[in-house]
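# I would like the atomic coordinates for the input below:
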Amino acid sequence: MFALVDGNAFYCSCEQVFDSSLRGKPLVVLSNNDGCAIARTDQAKALGVKMGHPAHELRDLQAQHGFRMRSANFALYGDMSRRMVEILREAAPRMEVYSIDESFLDLTDVANRLTFARDLRERITRWIGIPNCIGIGPTKTLAKAGNKLAKKGRGVIDLSDPTVRTEALESLAVGDIWGVGRRWSAKLECLGITNARQLRDAPSDLILQRFGVVMHRTQRELQGHSCIGLQEVEPDRQQIVVSRSFGERVEDHEAVAQAIFSFAERACQKLRARRLVCSALTITAESDRFRPNLPQHSPARTYQFTSATSDTTVVLNAARRLLNGFLKVGIAYKRAGVVMMDLAQPDALQADLFAQATEGNSVLMATMDRINARFGRGAAGMGATGWQPRPVWGMRQSNLSPRYTTRVADIPTARC
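Numbers count the residues shown, from 1 in each chain. This is a model prediction of the structure:
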């Protein structure tokens, strides 16, 4: 038996926890560079704000209705997610962290599931202030469906009972089923399958023939046959990508290089956090493709390491070699990034006759990681990154809230 716990409008809820003036009001959280809406409260949805709504169009709505907008504060959201996961792990040790705001729990040994879920929901709200809903079902797809329906008012729904399940699936549009998506839902609707119950009861041979094994698996899950187990341990990444759009077009190529070095440094930190090493590095840059009247250039280069590494100094030296002649004179760049490829666990690598399996100064990197863990990201780093608090290539974040839980200077002040 599975439960899916989901924080409601998670990014918006994190903002509302620390700013009471936002509670109960239309609120939108914007993407990187304040580009478009990535989270909305119910009040903002009622005003017609859609997911992905461009920010420049929202300003007209904001003038009419006075709703609030916030720049994405991923440091805050990530820390609040960690706190929520700690609560869930204490309640149900077997769990899968599915996304920043969603987690699957194993409730097989829980006797009274509804009471457990209601107590857990109330505990999360009371301890960290995040409103949430919980869906329960014999499969992960049914738990996800229950969570979707729980958001309509009840907060907790248990679909383990077949009678309750049939009635619930009747009210769930086929496009709202986990894994179906817009393209497949349109094809299913052409066959007269418009809700989850109809998909569950459709001929299995037809679903398998028309849509393949993935949709057939979804149908089996809707029928109560568990086909997708808990993924308690996150699998090793195949690659790590760190890329950003700049707040403005950057003509200074030295600044673009500093951005690439900064992204490479961050990618190395992610490698070490996952105890991985990489064997190849790719750097990319891109001019402003939304301004076709301007000169365009989108280069990419790859470096193959002799031995796998997660050492920032080794990776930055490789990036510096790749940057030689990489950027074109007269081009202003709007985006850059790095990709770490051929990732592996160091213990799984085999050295050859002429080179070690890995290279780098692990003691130095561990020391830097400890300093950053204690004093905050950026406390220790490499001079090649420019070491600027507000670099010219930085993101546009005109409505950024404080990092209430991860920066000492931003801790809220309690007043009586």
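# does the closest residue to residue 116 other than its chain neighbours count as helix, strand or coil?
Counting by Cβ to Cβ, 6 or more residues apart in numbering, residue 116 lies nearest to residue 110, which is 5.0 Å off, once chain neighbours are set aside. To be clear about C-beta, it is placed using only N, CA and C from the backbone, and glycine gets the same treatment. Assigned by DSSP: H, G, I helix; E, B strand; the rest coil, the conformation of residue 110 is coil.
# what do you get for residue 403?
coil.
# next, the contact list for it, please.
73, 75-76, 410 (Cβ atoms under 8 Å, 6 or more residues apart in numbering).
# just the pLDDT at it, thanks.
Per-residue confidence (pLDDT) for residue 403: 86.
# just to revisit the earlier point, for the residue nearest to residue 116, grab phi and psi.
Main-chain dihedrals, residue 110, degrees, to the nearest 10: phi -90, psi 120.
# gap between it and residue 95?
13 Å (Cβ to Cβ, to the nearest Å).
# between the two, who's got more neighbours?
residue 95 (20 against 17; other Cβ atoms under 10 Å).
# right, and the more buried one touches residue 105 too?
Yes. Residue 95 lies in contact with residue 105 (Cβ atoms under 8 Å); the separation is 4.9 Å.
# touching both of those two, which residues are there?
Joint contacts of residue 95 and residue 105 (Cβ under 8 Å, 6+ apart) are residue 88.
# rewinding a little: can you pull the contacts of the residue nearest to residue 116?
Listed by Cβ under 8 Å, 6+ apart, the contact partners of residue 110 are 1, 92, 116.
# tell me which helix or strand the residue nearest to residue 192 when sequence neighbours are not counted sits in.
Distance criterion Cβ to Cβ, 6+ apart; nearest residue to residue 192, sequence neighbours excluded, is residue 198 at 7.2 Å. In the assignment (DSSP states H and E), residue 198 maps to helix 196-201.
# check residue 374 too.
Residue 374 belongs to helix 362-375 when assigned by DSSP H and E.
# other SSEs contacting that helix?
Contacts defined by 3 or more Cβ pairs under 8 Å, 6 or more residues apart in numbering; DSSP states H and E place helix 362-375 against helix 253-273, helix 312-322.
# looking at those, which is buried most?
When the helices and strands packed on helix 362-375 are scored by mean count of other Cβ atoms under 10 Å, the highest mean neighbour count falls to helix 253-273 (a mean of 21).
# so what pLDDT did residue 416 get?
Model confidence at residue 416, given as pLDDT, is 61.
# for residue 355, that is, sorry about that
On the pLDDT scale, residue 355 gets 68.
# closest to residue 168 among the contacts of residue 110?
residue 1 (15.8 Å; Cβ to Cβ).
# wait, isn't the closest one in contact with residue 135?
No. Residue 1 is beyond contact range of residue 135, at 11.4 Å (criterion: Cβ under 8 Å).
# more neighbours, these two?
residue 135 (27 against 18).
# the more buried one - nearest residue in space that isn't next to it in sequence?
Here the residue nearest residue 135, using Cβ to Cβ, 6+ apart, is residue 146, at 2.7 Å.
# so that neighbour, which state does it fall into?
Assigned by three-state DSSP, the conformation of residue 146 is helix.
# do you know the pLDDT at it?
Residue 146 is given a pLDDT of 93.
# what's the neighbour count on it?
Residue 146 has 29 nearby residues by other Cβ under 10 Å.
# what sits against it?
Residues in contact with residue 146 (Cβ under 8 Å, 6+ apart) are 4, 134-137, 157-159, 168.
# how does it look with 6 Å?
By Cβ atoms under 6 Å, 6 or more residues apart in numbering, the contact set of residue 146 is 135-137, 157, 159.
# before we move on, what about residue 157?
Going by Cβ under 6 Å, 6+ apart, residue 157 touches 135, 146, 149-150.
# adding distance to residue 298 and secondary structure, write the residues you listed out as CSV.
Below are the contacts of residue 157 laid out as CSV (distance: Cβ to Cβ, whole Å; DSSP: H, G, I helix; E, B strand; the rest coil):
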residue, distance to residue 298, secondary structure
135, 43, strand
146, 45, helix
149, 44, helix
150, 44, helix
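# in the helix holding residue 374, which residues are buried?
When burial is assessed from 16 or more other Cβ atoms under 10 Å, helix 362-375 yields the following buried residues: 365, 368-369.
# same question for stretch 54-64.
55, 58, 61-62.
# how about the strands in this protein?
For the chain, strands defined by DSSP state E occupy the ranges 2-7, 27-30, 37-40, 68-71, 95-97, 102-106, 132-137, 156-158, 240-250, 278-287, 300-309, 333-341, 358-359.
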